[in-house]
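*Asks:* Sequence first, predicted model second:
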Amino acid sequence: MSTDGDDATGTPLEHLDVLVLGAGLSGIGAGRYLTTERPGTTFAILEARDASGGTWDLFRYPGIRSDSDLSTFGYEFKPWRDRQSIADAPKILAYLRETATENGLDAHIRYRRKVVAVAWSSADARWTVDVEHTDTGEVHQLTAGWVFCAGGYYRYDAGYTPDLPGLVDFAGQVVHPQHWPADLDVTGKRVVVIGSGATAVTIAPSIAADAASVTILQRTPTYVLPVPREDALGAKLRRWFGDERGYALTRRKNIAQQRLIYTFCQRFPARARKVIRSINVKQLPEGYDVDTHFNPPYDPWDQRLCAVPNGDLFRAIRAGDVEMVTDRIATVDPTGIALESGRHLDADVVVTATGLNVLVFGGIAITVDGEPVDLSDTLAFKGMMLSGVPNFAYAIGYTNSSWTLKVGLLCEHFTRLLAHMEATGQDTAVPVPADPDMPTRSFLDFGAGYVQRAIGGLPRQGDRKPWLTSMDYADDVALLRDADVTDPELRLTSSAALHDLVTASTGRGAGPTSTEETR
């Protein structure tokens, strides 16, 4: 840590080499790579909440768990040793916090610190960061050479609830899973869970034993597949080869398996649909209306498949503990939900498992040399930086496999880039497309509602590398791990050298004031 000038109050500004935003899965991973690969690099991890763990600390609804196996959802550098492959949230949270402690990150995490704005100065080659203390509302500043945004992609303070007519008239309790009350008791109550995604299919079987009735009300079905909660082959590999080697082999196996399933679904959607349907038929009671409740109008993996460990949702349906209803809501009334079909679902509790609100980069205001950055005008570079925005990196994982697989590669590449810049005396990196008129498309090729609702405000991707947001692990290994960190479309410069050049050529004592002067 160093100081660099004073803020408006006369307090010396703290300066850091890297500022990591978010102490969840991605932020803890970034901190570990900085610690091990870049010893001596000064950094802090700012967390707006009062606890680490991100998603795995925030969500407290019944049954919350991963929807990916922990051999790939866990970090490559830290074996997952628990028997559960599809793991419960408390175990994942413990794993994350253990990782932070083992790597000395606890001292780097600063809680109740929300970044509200970052302003880049090309002359100084650094960010000035406005940080709000969420417990007091006070704002202070610090500076950083790099900002690494690891805060995920959705709002932590509010989940998404669509406009449901009459919801305010409901006499029972309305709960969004993102804010599940610790004292909510559903014993003997009639519960309607609105939604068809991973959250809905997790909550329903988890509360079925206590509730009087549980109904999943969905407007559109989703693809649901049973998966083993424990990885039998993975357990054998760890027993035969030890934790580290067995974990690495299990991870490799599961990466290949995920890719195989995704590729099959994308190339042969009709056949994939038949396979999934046949699995569903075997899991459900004889004569069950599979085509109404488990036959989406879109192809497999156009949206994420829902995995249910040991088929718990199907078991609950077979036992009569959970009912699936596929219909549209006409109105919510004091006693429940009236459907367009004319049926009425009586309810004491309505759970709105209706999704998330996307909030890219924590909603922070970004300016470069005094000019506000409109994210929709930027292009994603290697899936980790933005065109025209210097020294700003971010972590976005995969939508078609484990999030952490990509985050690990991004962190590796980021630390290699820092090392290269240090070795060559450069302090500024800004992606600049060679063809400013390159065709573009949406940032994420993904049909989920939460993505589509926000797509207009997201960065875009181009039609070629390195301007693609890749969703292929093998491609990213080649690009982010094996390839050189330099790229013809990544402009690396030295503010000190440019300052000397400008001074010598113009007689001025000031350095460049915009990225244009570095060209």
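*Replies:* Happy to help now that I have it. Numbering: from 1, shown residues only.

*Asks:* Where does pLDDT dip in this protein?
*Replies:* In the predicted model of the chain, residues 1-11, 444-456, 497-519 satisfy pLDDT under 70.

*Asks:* quick check: domain ranges of it?
*Replies:* Split into domains by automatic domain parsing, the chain comes to 2-156+358-494, 167-352.

*Asks:* And residue 300, how close does it get to residue 113?
*Replies:* For residue 300, the distance to residue 113 under the criterion Cβ to Cβ, to the nearest Å works out to 42 Å. Bear in mind the C-beta positions are built from the backbone N, C-alpha and C, glycine included.

*Asks:* Grab the nearest non-local neighbour of residue 393.
*Replies:* If you skip the residues right next to it in sequence, residue 393 has residue 148 as its closest partner in space, 4.9 Å away by Cβ to Cβ, 6 or more residues apart in numbering.

*Asks:* okay, the domains of the chain, which one's buried deepest?
*Replies:* domain 2-156+358-494 (a mean of 19; mean count of other Cβ atoms under 10 Å).

*Asks:* Could you pull up the contacting residues of the residue nearest to residue 393?
*Replies:* Taking Cβ atoms under 8 Å, 6 or more residues apart in numbering as the definition of contact, the neighbours of residue 148 are 18, 19, 20, 21, 30, 393, 394, 395, 414.

*Asks:* can you do 6 Å?
*Replies:* With contacts defined as Cβ atoms under 6 Å, 6 or more residues apart in numbering, the neighbours of residue 148 are 18, 20, 30, 393.

*Asks:* same for the helix or strand the second one falls within, what does it pack against?
*Replies:* Spelled out, it's residue 20. Assignment of secondary structure by DSSP states H and E places residue 20 within strand 12-21. Taking 3 or more Cβ pairs under 6 Å, 6 or more residues apart in numbering; DSSP states H and E as contact, the helices and strands that strand 12-21 lies on are strand 2-6, strand 43-47, strand 139-149.

*Asks:* I'd like to know which of those strands lies nearest to residue 229.
*Replies:* Ranking the helices and strands packed on strand 12-21 by distance to residue 229, with Cβ to Cβ as the measure, places strand 43-47 first at 30.4 Å.

*Asks:* Partner strands of that closest one and their direction?
*Replies:* Strand 43-47 pairs in its sheet with strand 12-21 (parallel), strand 109-111 (parallel), by DSSP bridges.

*Asks:* Okay, angle between that strand and strand 139-149 too, please.
*Replies:* Between strand 43-47 and strand 139-149, the angle comes out at 100 degrees (axes from the mean of the first three to the mean of the last three Cα atoms, to 10 degrees).

*Asks:* what's in contact with strand 43-47?
*Replies:* For strand 43-47, the external contacting residues (Cβ under 6 Å, 6+ apart) are 16, 18, 20-21, 23, 27, 31, 34, 108-111, 113, 115.

*Asks:* Rebuild the residues you listed as CSV, extending it with distance to residue 468.
*Replies:* Formatted as CSV, the entries for the contacts of strand 43-47 read as follows, by distance: Cβ to Cβ, whole Å:
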residue, distance to residue 468
16, 31
18, 25
20, 25
21, 24
23, 29
27, 24
31, 27
34, 26
108, 32
109, 33
110, 34
111, 36
113, 33
115, 28
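
*Asks:* related to what we said a few turns ago, which SSE is immediately downstream of the strand holding residue 20?
*Replies:* Scanning the chain past strand 12-21 towards its C-terminal end, the next helix or strand to appear is helix 25-37 (assignment: DSSP H and E).

*Asks:* who are the neighbours of that following helix, in terms of helices and strands?
*Replies:* The elements that helix 25-37 packs onto, with contact taken as 3+ Cβ pairs under 6 Å, 6+ apart, are strand 43-47, helix 89-102, helix 403-424.

*Asks:* let's go with 7 Å and repeat that
*Replies:* Contact partners of helix 25-37 among helices and strands, from 3 or more Cβ pairs under 7 Å, 6 or more residues apart in numbering; DSSP states H and E: strand 12-21, strand 43-47, helix 89-102, helix 403-424.
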